[in-house]
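Peer 1: show me the folded form of this:
(2 chains)
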Protein chains: 2
Amino acid sequence: MLGWDAAAMMPPGGAAVRGDQMAVLAGLSHGMLVASEAAEELDGAEAAPVDANPWRAENLRLMRHAHTRATALPVDLVEAQARANSACEKVWREARRSADFSLVRSHLAEVLRLVREQASALAPALGLSPYDALMDGYQRGIGAADVVPVFANYEVFLRAALPRVEEIQTRRPAPVRPQGPFPLEQQEKLCRMLSERVGLDYSHARLDRSAHPFCGGTQTDIRITTRYQEGDFAQALLGVLHETGHALYERGLPDAFCRQPVGDAAGMAVHESQSLIIEMQSCRSDAYLSWLGPQLQASFGGDPAPYAPQNLAWLWRHVERGFIRVDADEMTYPAHVILRFRLEQALIGGDLSVADLPGAWNEGFYALLGLTPPDDAQGCLQDIHWYDGGFGYFPSYTLGAMAAAQLMAAARRAVPGLDQALGQGDHSLLLGWLRAKVHGVGSLLGFNDLLRAATGKPLDPNDFEAHLTARYMS
Amino acid sequence: MLGWDAAAMMPPGGAAVRGDQMAVLAGLSHGMLVASEAAEELDGAEAAPVDANPWRAENLRLMRHAHTRATALPVDLVEAQARANSACEKVWREARRSADFSLVRSHLAEVLRLVREQASALAPALGLSPYDALMDGYQRGIGAADVVPVFANYEVFLRAALPRVEEIQTRRPAPVRPQGPFPLEQQEKLCRMLSERVGLDYSHARLDRSAHPFCGGTQTDIRITTRYQEGDFAQALLGVLHETGHALYERGLPDAFCRQPVGDAAGMAVHESQSLIIEMQSCRSDAYLSWLGPQLQASFGGDPAPYAPQNLAWLWRHVERGFIRVDADEMTYPAHVILRFRLEQALIGGDLSVADLPGAWNEGFYALLGLTPPDDAQGCLQDIHWYDGGFGYFPSYTLGAMAAAQLMAAARRAVPGLDQALGQGDHSLLLGWLRAKVHGVGSLLGFNDLLRAATGKPLDPNDFEAHLTARYMS
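Peer 2: This next block holds a predicted model:
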């Protein structure tokens, strides 16, 4: 709640004290987890016979897991990381602004040195490889060995598919761009109406504005945000639909284990699958666009041409190679993630030095997308993640996108009439299936086990590739 | 911040969990205060020579004071009070709605029984009488023995003054009421502009809406709220000016002791003096109204007659006997407080039983204001305070009003040109004096010592009476 407030409400003068407040709360929470009483209670609970209820049994395992992660790291290391990450992140902002990697190189080297120490300390405690121990901090139940073949498969697919899609796109007429201005209040009202129609209950949620859209709050009090531009409503609207997916996941978590580890969301990749199944899979489907177009026309008026469903599809389903991950379309986005995944494995494994990172980035980017970044600001400096110590997170984005496609395919098989309902603007059938198969499962299952239970198989890139083939190459 | 959010932002579905969140934080905070480590550290600090710096010395005394209050009560009693207060408050809502005291009588008796136990436990620990031990929880540095003669003095004044003012009011023409509607956004903009002009810096503050206006947040991040009615802008505006007074106090507390006991506000009565010195003393002064009238006229347009300074004075400085405390004017308001002060002393002292409360209320009300409440909803059921266990708080309202008059008189003596500045809408001279004499003093001094240092004497009802005489009888 304090994080939401800081991003959406707080006057600028509150920032310094807010940082202190959040640090105090984080310290209290960490202190409770590592206190000797917690260890004694865990030992006692584990000495008892395993609970026959799988939820309670898994809850205990997850408590132990959290305790192991929290206690595996020496306090000195945690503090050194906090200092190094904070110092590096500040310098990174300047380095990115001036596109000068050399400014931040030594800071990043120190951050990496400490992350490698962290990974080495976590690995034996968790029984995982050092890189998997980092990944596990964001998404339980999938490791590099699972991801490597999936990403290799996708690289092959992309190499053939991308030129074909580009060729198809050149043959069709340029789409008509909606002409603003679109008053912000009107956009906000529309975003609220559409997210409500998708299934977000505003007696348990708010929609506000912030510089970077996010979903925060708690299971019974969800806070989503977006940002508005007067000239283009699509950014805000698609952003709200994305955050609505996150919000519906939080709202659908099992009540019975609210605020228990097993009642939490299953991880970042699963969370991303839920935002993308709404934003990318359902809301950019032909069926939904056929309903949405007239809604937009009714809301904004003016020339109807931009709101024709086919035109919206061309506008919102356009593939284009580019340097910046956060601007990428759903087909090229995984290439950005694959590059980072390979580079961070090499950095953590000691096979790549920080000094060689810019060169390795540019080579890898060219190999995947056939482009060479004109400078490091559009290359290895573009994202904050590594510079604030976040290694092992990037794969979650693409695991989520692929899982979304796999879940959508399974939902279509399982639920007759799902697309007809979307064609009426009705998400209730999809949402019902997601509640049963994903939201209501909480953290009972790790990533691949959740997919197995919901779709009959672990992560399979073919469903995502089939989705892209159908959407962009048919 | 969670309290602000609950009142101003939270969707209704968040209420249940928010209650849990706030209870957990309160429990953590209480647990830290009563932990054996805290007692040991206090003992150690007190064993050292007294700090020569009076701020640090008083800070330690206040820490001990807080520790004594927190540890004087058995945990069983605290929990029994929480349960009894919560149960009674719920029933009180129904009792007030149906104007039926008998519904809540037994609940209130239980609340009172526990409050008397609380007072008896606190009294020896603090070296105060039981009633003063309760008062001390809201305002340090003044007790019933100081208040009794002040209130007796005011009762004598009121008996003579009230009929005179009523007679004067009947002789003047009826004021002209501004004709709305006044769009809410326009009112909000005006409230923001005027509070900023009074001195509130919105880089450290927000103004929002809530059912009951309040001032919350922290010293560097103040949150004030108000409520708007389309037909009448005065309620929102005067409410914002009141909360602005509270906000300026919080903003002006000494930075050097931020989040330390000695850096906190000096108590509820001092806080009320700071809201009332803005709302009642300066902003309803002839000088300020002569500036405000044209501002309102410029903002709302239409017939200028309602915005003439004399007309605003008649509208906003009107004395009228009534049953409801929160609707009372500044002259009759103390009568409401005097009645409650006497009744709660008798209840705590065991001289009045709960069964006899409605009768005692009605007799006392008639003796003070010459009216008999038509039912208990307009009598002893009107306020939540007693029913949620709040005894000893009511005097703060009138102590604050009287202190505001005393401080304003001292400021006028000390600061040449103060009223001329208010006549230009300029609060900087008043604010500068308040920062030096009240805000910046934090909790270094208790109520009467603060007044002594700022005005040369302890609380003196004559300044308040002189203010009323000048405003209403000249």
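Peer 1: mind listing what residue A:145 touches?
Peer 2: The contact partners of residue A:145, taken as CB atoms under 8 Å, 6 or more residues apart in numbering or on different chains, are residue A:132. To be clear about C-beta, it is placed using only N, CA and C from the backbone, and glycine gets the same treatment.
Peer 1: tell me the pLDDT at it?
Peer 2: For residue A:145, the pLDDT comes out at 97.
Peer 1: what of residue A:259?
Peer 2: 93.
Peer 1: where does it sit: helix, strand or coil?
Peer 2: Here residue A:259 is recorded as coil under DSSP: H, G, I helix; E, B strand; the rest coil.
Peer 1: so how many other residues sit close to it?
Peer 2: 12 (other CB atoms under 10 Å in any protein chain shown).
Peer 1: do residue A:174 as well
Peer 2: Residue A:174 has 8 nearby residues by other CB under 10 Å.
Peer 1: surely it is within a helix?
Peer 2: No: counting by three-state DSSP, one finds residue A:174 to be coil, located in no helix.
Peer 1: and it, how far from residue A:196?
Peer 2: Plainly put, residue A:174 is 33 Å away from residue A:196 if you go by CB to CB, to the nearest Å.
Peer 1: near chain B, which residues of the stretch 201-350 of chain A are found?
Peer 2: Where the stretch 201-350 of chain A comes near chain B, counting by CB under 8 Å from any CB of the partner chain, the residues are A:201-206, A:217-221, A:258.
Peer 1: report the buried members of those.
Peer 2: A:204-206, A:217-221 (16 or more other CB atoms under 10 Å in any protein chain shown).
Peer 1: for those residues, please prepare a markdown table with the additional fields pLDDT.
Peer 2: Conversion of those to a markdown table gives the following (pLDDT from 0 to 100):
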| residue | pLDDT |
| --- | --- |
| A:204 | 98 |
| A:205 | 98 |
| A:206 | 98 |
| A:217 | 96 |
| A:218 | 95 |
| A:219 | 95 |
| A:220 | 96 |
| A:221 | 97 |
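Peer 1: so of those, which ones are in strands?
Peer 2: Within these, residues falling in strands by DSSP state E are A:205-206, A:217-218, A:221.
Peer 1: which one of the residues you listed is nearest to residue A:432?
Peer 2: The shortest approach to residue A:432 among those belongs to residue A:205, at 18.9 Å (CB to CB).
Peer 1: show the contacting residues for that closest one.
Peer 2: Here residue A:205 is in contact with A:217, A:221-224, A:247, A:251, B:11, B:13 (CB under 8 Å, 6+ apart).
Peer 1: let's have these in a markdown table, adding distance to residue A:4.
Peer 2: Compiled in a markdown table, the contacts of residue A:205 are given as follows (distance: CB to CB, whole Å):
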| residue | distance to residue A:4 |
| --- | --- |
| A:217 | 6 |
| A:221 | 10 |
| A:222 | 10 |
| A:223 | 4 |
| A:224 | 9 |
| A:247 | 12 |
| A:251 | 16 |
| B:11 | 12 |
| B:13 | 16 |
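Peer 1: show me which pair in those residues is furthest apart.
Peer 2: A:224 and B:13 (14.3 Å).
Peer 1: tell me which of these two has more neighbours.
Peer 2: Per other CB under 10 Å, whichever of residue A:224 and residue B:13 has more neighbours is residue A:224, with 28 against 18.
Peer 1: which residue packs closest to the more buried one, ignoring adjacent ones?
Peer 2: residue A:243 (4.0 Å; CB to CB, 6 or more residues apart in numbering or on different chains).
Peer 1: okay, now the one you found: neighbour count?
Peer 2: Neighbour count for residue A:243, taken as other CB under 10 Å: 27.
Peer 1: verify the contact between it and residue A:215 for me.
Peer 2: Yes: counting by CB atoms under 8 Å, residue A:243 does reach residue A:215; the two are 4.5 Å apart.
Peer 1: what do the two both touch?
Peer 2: Counting by CB under 8 Å, 6+ apart, the residues touching both residue A:243 and residue A:215 are A:224-225, A:275.
Peer 1: tell me which of these fall in strands.
Peer 2: A:224-225.
Peer 1: just flag the most distant two among the ones in strands among the buried ones among the residues of the stretch 201-350 of chain A next to chain B.
Peer 2: Pairwise over these, using CB to CB, the maximum falls at A:206 and A:218, 11.9 Å.
Peer 1: where does the stretch 201-350 of chain A have low pLDDT?
Peer 2: Along the stretch 201-350 of chain A, the model assigns pLDDT under 70 to no residue.
Peer 1: the residue in the stretch 201-350 of chain A positioned nearest to chain B - nearest residue in space that isn't next to it in sequence?
Peer 2: The nearest approach of the stretch 201-350 of chain A to chain B comes at residue A:221, 2.9 Å away (CB to the nearest CB). Ranked by CB to CB, 6+ apart and with sequence neighbours excluded, the top spatial neighbour of residue A:221 is residue B:14, at 2.9 Å.
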